[in-house]
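J.: what's the 3D shape of this:
(chains A and B)
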Protein chains: 2
Amino acid sequence: MTSCPLPLTTKDRILLGHGSGGKLSAELLRDVFLRVFHSPVLGRLDDQAVLEIGGERVAFTTDSFVVKPLFFRGGDIGSLAVHGTINDLAMGGAEPLYLSAGFILEEGLSTEVLARVADSMALAAEAAGVEIVTGDTKVVEKGKGDGLFINTTGIGRIPAHVNLSAMNVRPGDCVLLSGFIGDHGIAILSERESIGFETTVTSDSAPLHALVRDMLRAAAGIRMMRDPTRGGVASTTNEIAEKARVGIELVETAIPVREDVRAACELLGFDALHVANEGKLIAIVAPEDADAVLAAMRAHPLGANAAMVGSITDRHPGMVTLKTPFGTSRIVEMLAGDQLPRIC
Amino acid sequence: MTSCPLPLTTKDRILLGHGSGGKLSAELLRDVFLRVFHSPVLGRLDDQAVLEIGGERVAFTTDSFVVKPLFFRGGDIGSLAVHGTINDLAMGGAEPLYLSAGFILEEGLSTEVLARVADSMALAAEAAGVEIVTGDTKVVEKGKGDGLFINTTGIGRIPAHVNLSAMNVRPGDCVLLSGFIGDHGIAILSERESIGFETTVTSDSAPLHALVRDMLRAAAGIRMMRDPTRGGVASTTNEIAEKARVGIELVETAIPVREDVRAACELLGFDALHVANEGKLIAIVAPEDADAVLAAMRAHPLGANAAMVGSITDRHPGMVTLKTPFGTSRIVEMLAGDQLPRIC
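T.: Numbering: from 1, shown residues only, chains lettered A, B, ... in the order given. Predicted coordinates:
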């Protein structure tokens, strides 16, 4: 007697949503990777690993970039690959020092396009004061890649006094956001040929380490930081709430959203809280230090529009809520599925 | 008057050969990447960058893996990704410590396949005593990738007394090779569906750091090491000759090649010197220490078939020659084009 073969469920296959930074990404991480990789460092699930080398605390982080199109208003895959990894280091309070660059090229890619991307990476690295010190290039057959993918992996040094972690978060802490949300996602979306709307929104892709340095100098009470990239502010705050076992209460009117981005989100049926950012950070800060940190943020060009957008509560641990302008509250969910593949 | 637009030359487009590890790879590195990336560390063109962190010398290296098929006799993309980066660290004399893992998945990939690869990576890392501490996953649409690509980037510690560099190489030094060549390339080739030959050759994919440790303990006279992966022994020895500005004279009868590999190469018109290895190393050693290092290699399972295969000369700097069994000499060229794409 043979048993009836059940049809494959979607869980048996990788979906675009597994790369969204939302619920499916978290499931894949838990079910496939954490099941076999038992490193306690990896298990902390921070944006960066913290290693002890020669008495120094060293941050180590990796990110692959598959953004489409390769060039967009405000950046390209090269500058994004540099900024993205710098930011993952910076979120741990590390000073970014060195990057590696791994290229996967599709046969037939224009060498001129590759050279433009390499130029852009070199400029972005130089502007940020980091050094690209090692690299690798592979080529796959035409139709087995998509022009150009880049992995950047970074090393940074964590100053002795810096200790950022979800474990530090306490009820009563303030939630700070460094500026307008959704710019990167809407800029990418508007560049996709199949999307019929025009906008002048420009990606916010930028290296955040200098802003972070200024914030850390302003006050000792910064508990943790995260950059709300894939999955947006909604997914990142949910991750924070879950890791810190606290509730987060956001205030909708306090969250900076450009009119253009708001209009695009309405047109497309998106929630701006789910749209990706590449030059913004969320900081959880002790209440007595919130004003000082906010002032330091506003004094830096990349934090000029920073705002206090919410607070940490001991109610509903693991959950994020949003107070609407009408005085009601709604639950803010992680991004489910993938509204916008290949945003980074 | 408009000028006649010239047709694009092949140099205007990325070819599979740009990923071969041979001549075209070297041109791409020089013309596109070194033109804009001005790091003195990168400029040394070693398999790994050497950084100073907290008074320690830290090796840092990156490699993307696009091998096809994903599973082959003797390994899979997961174990290969762990071994490959461990070996790049080991070639600088570093003790491998930490790896990052970046995955680019194609929509529709079987989750079971991904889980098998992750298992294999975890086992390979554990067996080698290295820790996978951070990771990243991206997903691209069906038809924009090829199942699964993996980047691994590694960090290792270089012991204080170790200083391996092409700058140390002197005429009169000996060239040691750790075992049979061409196994990985022929194993991969035989797995490709379109290739109609059968063989039982198994990939030599293996982590070489323990062998290296034993060699470094045996004698102080090891000048440098390289693992002859893409482009094979021919390309690697040419790189050494060029960097060290010396000639290399290899002796054909001294180079260990399995009968199966020799037969496959004859059938396919390949030169075994161009075929990839993933668990072999070439060491350049001071003549007075060559016997001691060779003995240490042979005492380790991964060096059991090690041999002295040539010597360094001050004649014809930058060139590699091979003494044939007939007493004649021929020039050994770097791999030109790409005989076997996606070998790693």
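
J.: in three-state terms, how would A:Tyr250 be classified?
T.: Heads up, residue A:250 is Leu, not Tyr. Using DSSP: H, G, I helix; E, B strand; the rest coil, the structure places A:Leu250 in strand.

J.: does it touch A:Thr321 like I think?
T.: Yes: between A:Leu250 and A:Thr321 there is a contact under C-beta atoms under 8 Å: 7.0 Å. Glycine gets a C-beta too; all of them are placed from N, C-alpha and C.

J.: identify the contacts common to these two.
T.: Counting by C-beta atoms under 8 Å, 6 or more residues apart in numbering or on different chains, the contacts common to A:Leu250 and A:Thr321 are A:Val332.

J.: and the residue nearest to A:Thr111 when sequence neighbours are not counted, how many neighbours?
T.: Closest residue to A:Thr111 apart from its sequence neighbours, by C-beta to C-beta, 6 or more residues apart in numbering or on different chains: B:Asp12 at 5.5 Å. B:Asp12 sits with 11 neighbouring residues when counted by other C-beta atoms under 10 Å in any protein chain shown.

J.: and B:Asp12, what does it touch?
T.: Shown here is B:Asp12, whose contacts under the criterion C-beta under 8 Å, 6+ apart are A:Ser110, A:Thr111, A:Glu112.

J.: kindly report the same for A:Lys280.
T.: A:Leu177, A:Ser178, A:Gly179, A:Phe180, A:Ile181, A:Asp204, A:Leu208, A:Asp227, A:Pro228.

J.: confirm that the third one sits in a strand.
T.: Spelled out, that is A:Gly179. No: going by three-state DSSP, the assignment for A:Gly179 is coil, not a strand.

J.: helix, strand or coil for the closest residue to it other than its chain neighbours?
T.: Spatial nearest neighbour of A:Gly179, chain neighbours left out: A:Asn305 (4.1 Å); criterion: C-beta to C-beta, 6+ apart. The local conformation at A:Asn305, judged by three-state DSSP, is coil.

J.: for A:Asn305, phi and psi?
T.: Main-chain torsions, A:Asn305, degrees, to the nearest 10: phi -110, psi 30.

J.: closest to chain B out of the contacts of B:Asp12?
T.: Set against chain B, the nearest of the contacts of B:Asp12 by C-beta to the nearest C-beta is A:Thr111 (5.5 Å).

J.: distance-wise, check that closest one relative to B:Leu15.
T.: Between A:Thr111 and B:Leu15 the distance is 10 Å, computed by C-beta to C-beta, to the nearest Å.

J.: hmm, back to that, the residue nearest to A:Gly179: neighbour count?
T.: Neighbour count for A:Asn305, taken as other C-beta under 10 Å: 15.

J.: does it touch A:Pro256 like I think?
T.: Yes: using C-beta under 8 Å, A:Asn305 is in contact with A:Pro256, at 5.1 Å.

J.: please enumerate the strands of chain A.
T.: Ranges of strands in chain A, per DSSP state E, are A:49-53, A:56-65, A:71-72, A:75-76, A:95-106, A:131-140, A:148-158, A:174-177, A:222-226, A:247-251, A:282-285, A:307-313, A:320-323, A:329-332.

J.: for chain A, what helix or strand is lowest in average pLDDT?
T.: Every helix and strand in chain A was compared by mean pLDDT, DSSP states H and E; the lowest is helix A:40-43, with a mean of 82.

J.: which stretches of the stretch 151-300 of chain A have low pLDDT?
T.: Scanning the stretch 151-300 of chain A with the threshold set as pLDDT under 70 gives A:193-197.

J.: show me the contacts for the residue nearest the centre of chain A.
T.: The residue lying closest to the centre of chain A (C-alpha atoms, centre = their mean) is A:Thr229, at 2.7 Å. Residues in contact with A:Thr229 (C-beta under 8 Å, 6+ apart) are A:Gly21, A:Gly84, A:Asn87, A:His184, A:Thr236, A:Ala276, A:Asn277, A:Glu278, A:Ile343, A:Cys344.

J.: looking at those, which is nearest chain B?
T.: Closest approach between those and chain B, by C-beta to the nearest C-beta: A:Cys344, at 7.9 Å.

J.: residues contacting the closest residue in space to the closest one that isn't next to it in sequence?
T.: Excluding the flanking residues, the one nearest A:Cys344 by C-beta to C-beta, 6+ apart is A:Val67, at 5.3 Å. A:Val67 is in contact with A:Ile77, A:Leu80, A:Ile188, A:Arg342, A:Ile343, A:Cys344, counting by C-beta under 8 Å, 6+ apart.

J.: which of those residues fall within helices?
T.: Among these, the ones falling in helices (DSSP state H) are A:Ile77, A:Leu80, A:Ile188.

J.: for the residue nearest to A:Val175 when sequence neighbours are not counted, list each beta-bridge partner.
T.: Closest residue to A:Val175 apart from its sequence neighbours, by C-beta to C-beta, 6+ apart: A:Gly310 at 3.9 Å. Here A:Gly310 sits in beta bridges with A:Val175, A:Leu250, going by DSSP bridges.

J.: hang on, A:Gly310 packs against A:Glu252?
T.: No: using C-beta under 8 Å, A:Gly310 makes no contact with A:Glu252, being 9.6 Å away.
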